[in-house]
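**Q** Give me a 3D structure for the following:
(chains A and B)
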Amino acid sequence: MSSYDPSAVETRWQQYWKENKTFKTPEDHDKPKYYILDMFPYPSGSGLHVGHPEGYTATDILARYKRMKGFNVLHPIGWDAFGLPAEQYAIKTGTHPRETTEKNINRFREQLQMLGFSYDWDREVNTTDPDYYKWTQWIFLQLYNKGLAYEDEVPVNWCPELGTVLANEEVIDGKSEVGGFPVIRKPMRQWVLKITEYAERLLDDLDDLEWPDSTKEMQRNWIGKSIGAEIDFQIKEYDDKIRVFTTRPDTIFGATYMVLAPEHHLVNKITTDEQRKEIDQYVEEAANKSDLERQEVKNKTGVFTGAYAINPVNGKEIPIWVADYVLAHYGTGAIMAVPAQDERDWEFAEKFDLPIIRTVQPPEDFDGTAYTGEGPAINSDFLNGMEIAEAKEKITAWLEENGVGKKSVNFKLRDWLFSRQRYWGEPFPIIHVDGKHKPLPESELPVTLPEVDDFQPTKSGEPPLARAKDWVKTTDPETGKEAIRETNTMPQWAGSCWYYLRYISPEFDGGPVEENEEKYWMPVDLYVGGAEHSVLHLLYARFWHKVLYDCGVVSTKEPFKKLVHQGMILGEMEYTAFEKDGKTISADDAEGLDEVLRIPLSESDVEKRGDRFVMKGTEITVEARAHKMSKSRGNVINPDDVVDQYGADSLRLYEMFMGPLEQVKPWSTKGVEGVNRFLNRSWRLFLGEGEVEQLNITDVEPTLDQLKTLHEAIKKVTEDIEAMRFNTAISALMIFVNEANQWDSVPKSIAEAYVLLLSPFAPHIAEELWSKLGHKESLAYAEWPELNEEYLKSDTIDYPVQVNGKVREQIQVPADKAKDKEFVIGLAKQQEKVQKYLDGSTIVKEIFVPGRIVNLVVKPN
RNA sequence: GCCUGGGUGGCGGAAUUGGUAGACGCGUCGGACUCAAAAUCCGAUGUUGGCGACAACGUGCGGGUUCGAGUCCCGCCCCAGGUACCA
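**A** The predicted structure follows:
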């Protein structure tokens, strides 16, 4: 074997790492630790796609680098294996989800091992393993015992097609996120977790996290804290009051009507006989509508109840309406409407001819409708003239003094609907005795999934677990009374809420995580995963973590110190022409037209014209863009194929070389060939090109030039890995190889250092070269090459010389004179080309930036 | 609408505190090797003008600050992601 053969090299080293347990996590706590975590995958039937190795390679590079830097590294992987696809497959085929899941996991494991990731395979976790979900159930019991889990009859997102309830976050545009089936609202008994109790902490603790700003902002918006006031409005002729929440108590003098949500508890009571028929009909219609239908209707609708409320600040009677633009589940489900300062109220008031009173003076040139900007208060009695902030304070104090309101904080965040009517999830450790729910004692855990004959919900709509009649019927271990088991299961989020803890002590049976190990390894130093988990998974995991913190199970307030999202990888760039009625038309004209044919073009058929692409030699514009990979589009790149053709090292290297990790970027097979060529050049740099393998390495002292080339690479690669700029780190490695290829042979010490620099990115080829250099051991724990700044120095410094900001000449200055302003500027002025621009002008200013630039500012005489 | 990002050659991208725009890779063109091809190697490659050294222009658009702006400020346009009656 004289040329680089990736498959032979990669198989050999994967075997070696496995046999020698090279990446077993060290058990001592003597060294600094680094916990680097990937979001664990759902092992789907279609196997790994090219998006997975992107994040996994990034973390693997860091893990390998940190080991060489002397850290104890925890770098585990596992399986988020409960979930809908395996269950739907079971419904269709009768295959137990356990079997499907096991098969898929084996495939995933094989694929990950084929890519050479340095996971500690002894710490694999699997959320569907009873030894794992025992502790998921245990954590639920902690939540239950703290009063953070409760049962409620709530209108839920029921998806008839999937036969289950979905969380709000799993419903997109009124359809299920999985499968895109319609979702309707239906009241059902559900388990709910009181995440709202942690809203304030979940919000505050975001500040200290090294997370992308966009992600933190999304969580902030999701939690949605708003500060305002609660105000009570007396209902005329009733004892009852309507409590509203508002962020603009300062506008209360402009409240000209009130609105109750259709579900508000007072609607029925206060409706007058004349209005009853209309109100009842409206409320019923609203109840039957899905959220989607409510959103679809853009026109505001509503009905007058016939009742009036009294504005506490001025005693005015204002009508009370019912309208579905007020949401039952936000604030108090009722509002004071101030059309002059709220667009929604303005729209409603206009439609139903309700009065509008401005209480904030809009600017003179304002010609809009509702005015929400700054300005002095008007028509507001004792608030008149005050700016908004001051008026808010004043009115809130007044409300409190008069006992009709108080300062209040509201959150958009709602409690977490935690039960699903599925089979393939964690059973709740709950029994029902005499119609009351009751937790099972810890000793009863795990409550394992029963076998069932059918994985569908029962005819009466009960979850599939209800089919296991012997399992459902049980006895209360404490009292011996007859009991029935909870038949709901937990959502997929449950297992992923705490898996990062289980890796720390996967065998521990005294709790979810062993105390000393937890103290050493937590928090996760770096967490890498998709941006699609910005709110759901990351918010839920933070919530559980905080509960566990309160229970004393974990020692940190937050689980994930630093977070990075890898960007999506799109398919290859596609060029498309459009054809209508047999004629090719421009892409711009095709927009919005029906019956347009899309004709795929090859790159050679198109050229750039201005800022768009046209068909060669014509003015017809074409579409040029990369699309998401999808089976239907047929542009999916399979990692197995890439590995077959170019090897795992090339795949890893390419995915990192494509561009910044966080960015969305299109795939290019030509690009893979490029990095593959680079690996070949690296190989030949060491082994020459002859038939017989011959080391092209000499045991001589390197020259200063060679050392400079090496240390420039060391500096760049080291800094770039630390900052996760893998694309430019690889570019630095390429530059090194390009330079070293000019040498007659490579000094051994330099060759060794280069192999180590390459190893985190392309570990297989690096191990192979390392062993050819005479090493018997893996390089996984070899010391990372150390930078010596001395070698970076050069004898001369180049200065660009500018005249009026334009570069006109380059000068070389001896290093010892490089900071000498007079010398450098003097030399610059002497240059012939510079002289040309100085002729007939006077120098008015001389700019000298040491080590950077010279700029002579001249004025014509 | 609102909140985040982002817009640089034919393409992916580089430029770390304002200091030589286009590193590195792909593609393209030319050459070497070869009977030929592949592979490999060498060279060129932002645009325009010129035989030429060279010059002008050039980081989405329009202004501004500065000796100097891809980078900072103001006003727009476009693209991607998130969110949407949250009072």
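
**Q** Show me what residue of the stretch 351-500 of chain A gets nearest to RNA strand B.
**A** Proximity of the stretch 351-500 of chain A to RNA strand B (Cβ to the nearest atom of the strand) peaks at A:Lys412, 3.6 Å away. Glycine gets a C-beta too; all of them are placed from N, C-alpha and C.

**Q** pLDDT score assigned to the nearest residue to that residue once chain neighbours are set aside?
**A** By the measure of Cβ to Cβ, 6 or more residues apart in numbering, the closest residue to A:Lys412 outside its immediate chain neighbours is A:Gly224, 2.6 Å from it. According to the prediction, A:Gly224 has pLDDT 93.

**Q** so A:Gly224 makes contact with A:Phe411?
**A** Yes. Using Cβ atoms under 8 Å as the test, A:Gly224 is close enough to A:Phe411 to be in contact (5.8 Å).

**Q** Between those two, point out the one with more neighbours.
**A** The neighbour count for A:Gly224 versus A:Phe411, taken as other Cβ atoms under 10 Å, is higher for A:Phe411 (18 against 15).

**Q** Neighbours of A:Glu444, how many?
**A** Neighbourhood size, A:Glu444 [other Cβ under 10 Å]: 14.

**Q** for A:Ala261, that is, sorry about that
**A** By other Cβ under 10 Å, the residues close to A:Ala261 number 23.

**Q** so what's it up against?
**A** Contact analysis of A:Ala261 by Cβ atoms under 8 Å, 6 or more residues apart in numbering lists A:Val322, A:Ala323, A:Asp324, A:Val326, A:Leu327, A:Ala328, A:Gly333, A:Ala334.

**Q** who touches the first one in this structure?
**A** Looking back up the chat, that one is A:Val322. A:Val259, A:Leu260, A:Ala261, A:Pro262, A:His264, A:Val267, A:Ile279, A:Tyr282, A:Val283, A:Gly302, A:Val303, A:Thr305.

**Q** again, 10 Å this time
**A** When contacts are counted by Cβ atoms under 10 Å, 6 or more residues apart in numbering, A:Val322 touches A:258-264, A:266-267, A:270-271, A:275, A:278-279, A:282-283, A:286, A:301-305, A:334.

**Q** Can you list which of the residues you listed are found in strands?
**A** When those are checked against strands using DSSP state E, the ones located there are A:Met258, A:Val259, A:Leu260, A:Val303, A:Phe304, A:Thr305, A:Ala334.

**Q** re the thing from before, what score does the residue of the stretch 351-500 of chain A closest to RNA strand B have for pLDDT?
**A** If you check A:Lys412, the pLDDT there is 93.

**Q** That one against A:Gln219, yeah?
**A** No. A:Lys412 sits out of contact with A:Gln219 when judged by Cβ atoms under 10 Å, with a separation of 11.4 Å.

**Q** Which one's more surrounded, these two?
**A** A side-by-side neighbour count of A:Lys412 and A:Gln219, using other Cβ under 10 Å, places A:Gln219 first with 21 against 15.

**Q** what about that one, which helix or strand?
**A** With elements delineated by DSSP states H and E, A:Gln219 resides in helix A:213-223, which encompasses its position.

**Q** likewise A:Glu574?
**A** Take DSSP H and E as the rule and A:Glu574 turns out to sit in strand A:573-580.

**Q** buried sites along that strand?
**A** Along strand A:573-580, the positions that meet the burial threshold by neighbour count (16 or more other Cβ atoms under 10 Å) are A:Glu574, A:Tyr575, A:Thr576, A:Ala577, A:Phe578.

**Q** The fourth one against A:Lys616, yeah?
**A** No. Counting by Cβ under 10 Å, A:Ala577 does not reach A:Lys616; the two are 11.1 Å apart.

**Q** Buried among the contacts of A:Val322? Make that a PyMOL selection.
**A** Applying 16+ other Cβ under 10 Å to the contacts of A:Val322 leaves a buried subset, and the PyMOL line that selects it is:
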select buried, chain A and resi 258+259+260+261+262+263+264+266+267+270+271+275+279+282+283+286+301+302+303+304+305+334
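
**Q** list the contacts for the one residue in the stretch 101-250 of chain A that gets nearest to RNA strand B?
**A** Using Cβ to the nearest atom of the strand, A:Ser214 is the residue of the stretch 101-250 of chain A that sits closest to RNA strand B, at 2.4 Å. Contact partners of A:Ser214, counting by Cβ under 10 Å, 6+ apart, are A:Ala531, A:Ser534, A:His565, A:Glu662.

**Q** Pull the contacting residues for the residue of the stretch 351-500 of chain A closest to RNA strand B.
**A** Contacts of A:Lys412 were listed using Cβ under 10 Å, 6+ apart, and they are A:Thr196, A:Ala199, A:Asn221, A:Trp222, A:Ile223, A:Gly224, A:Lys225, A:Ser226, A:His329, A:Tyr330, A:Gly331.

**Q** what helix or strand is the closest residue to A:Pro559 other than its chain neighbours on?
**A** With Cβ to Cβ, 6+ apart as the measure, A:His545 is the residue that lies nearest to A:Pro559, at 4.4 Å, once sequence neighbours are left out. With the criterion set as DSSP H and E, the secondary-structure element containing A:His545 is helix A:536-551.

**Q** Could you do A:Ile714 as well?
**A** For A:Ile714, the enclosing helix or strand under DSSP H and E is helix A:704-722.

**Q** so which of the contacts of A:Ser214 are also by RNA strand B?
**A** When contact is defined as Cβ under 7 Å from any atom of the strand, those meet RNA strand B at A:Ala531, A:Ser534.

**Q** Out of the contacts of A:Ser214, name the two that are farthest from one another.
**A** Taking Cβ to Cβ, the two most distant members of those are A:Ser534 and A:Glu662; they sit 12.5 Å apart.

**Q** Now for the two: what residues contact both?
**A** Contacts common to A:Ser534 and A:Glu662, judged by Cβ under 10 Å, 6+ apart, are A:Pro212, A:Ser214, A:His565.

**Q** and the nearest residue to A:Thr95 once chain neighbours are set aside, helix, strand or coil?
**A** For A:Thr95, the nearest residue in space outside its immediate sequence neighbours is A:Tyr89; the separation is 6.4 Å by Cβ to Cβ, 6+ apart. Of the three states, A:Tyr89 takes helix under DSSP: H, G, I helix; E, B strand; the rest coil.
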